[in-house]
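1. Have a look at this prediction, sequence included:
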Amino acid sequence: MIKPHPFESNSLKRVIVVEDDPSLRMSMVSYLAHDGYTVTGIDSAYEFYQQVYKEPYSVGIIDIALADQNGIVLVEYARKNTAMRIITLSERFSTTTLATNIKAAGADLNLTKPVNCRLLASYVNTLFSRLGS
């Protein structure tokens with residue numbers, strides 16, 4: 001088990017975006033970076049595990065339909081091994097299935113694709129305010 005990273009002053013505004021659609025990922029990363037967050041954009045579960053092991057993140061934005069692993073598994077991993085707050089992204093699941101999966105995994109919020117970056121930034125800001133940063 002990976003020891004959770006403490007929220008240090010230099011990690012308080014760190015966001016990781018896990019999205020395999022390059023255009024959407026870049027849009028989210030650019031918008032959040034413009035809002036003052038330190039953002040890492042990646043496209044796979046494999047990279048997620050590597051990044052979370054190396055760096056502390058306060059908020060994770062995770063696509064639940066990744067090519068290499070179901071994003072719900074990433075949410076569960078993050079919930080058990082970090083203090084990260086989590087926003088999931090989806091487009092293919094029914095509301096009932098999605099609600100069940102998100103509740104079981106422990107995500108804080110789910111957004112449907114395509115994502116409105118302004119709304120996403122607002123939600124990220126709300127999560128950071130709840131973290132006290």
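-> Alright, I've got the coordinates.

2. what's across from the closest residue to residue 58 other than its chain neighbours in the sheet?
-> Closest residue to residue 58 apart from its sequence neighbours, by Cβ to Cβ, 6 or more residues apart in numbering: residue 14 at 5.6 Å. Glycine gets a C-beta too; all of them are placed from N, C-alpha and C. Bridge pairing for residue 14 (DSSP bridges) gives the partners residue 38.

3. Surely residue 14 and residue 54 touch.
-> No. Counting by Cβ atoms under 8 Å, residue 14 sits too far from residue 54 to count as a contact (11.4 Å).

4. ok now the longest helix seen in the chain, how far from the chain's centre?
-> Secondary structure of the chain per DSSP state H: the longest helix is helix 117-131. Computed by Cα atoms, centre = their mean, to the nearest Å, the chain-centroid distance of helix 117-131 equals 12 Å.

5. swap in stretch 31-45?
-> Distance of stretch 31-45 from its chain centroid, counting by Cα atoms, centre = their mean, is 10 Å.

6. Show the average pLDDT along the longest helix of the chain.
-> For helix 117-131, mean pLDDT rounds to 90.

7. Then stretch 56-72?
-> Rounded mean pLDDT across stretch 56-72 is 93.

8. residues of it that come out buried?
-> Neighbour counts using 16 or more other Cβ atoms under 10 Å place 56-66, 71-72 of stretch 56-72 among the buried residues.

9. mind listing what the residue nearest to residue 58 touches?
-> 37-40, 55-59 (Cβ atoms under 8 Å, 6 or more residues apart in numbering).
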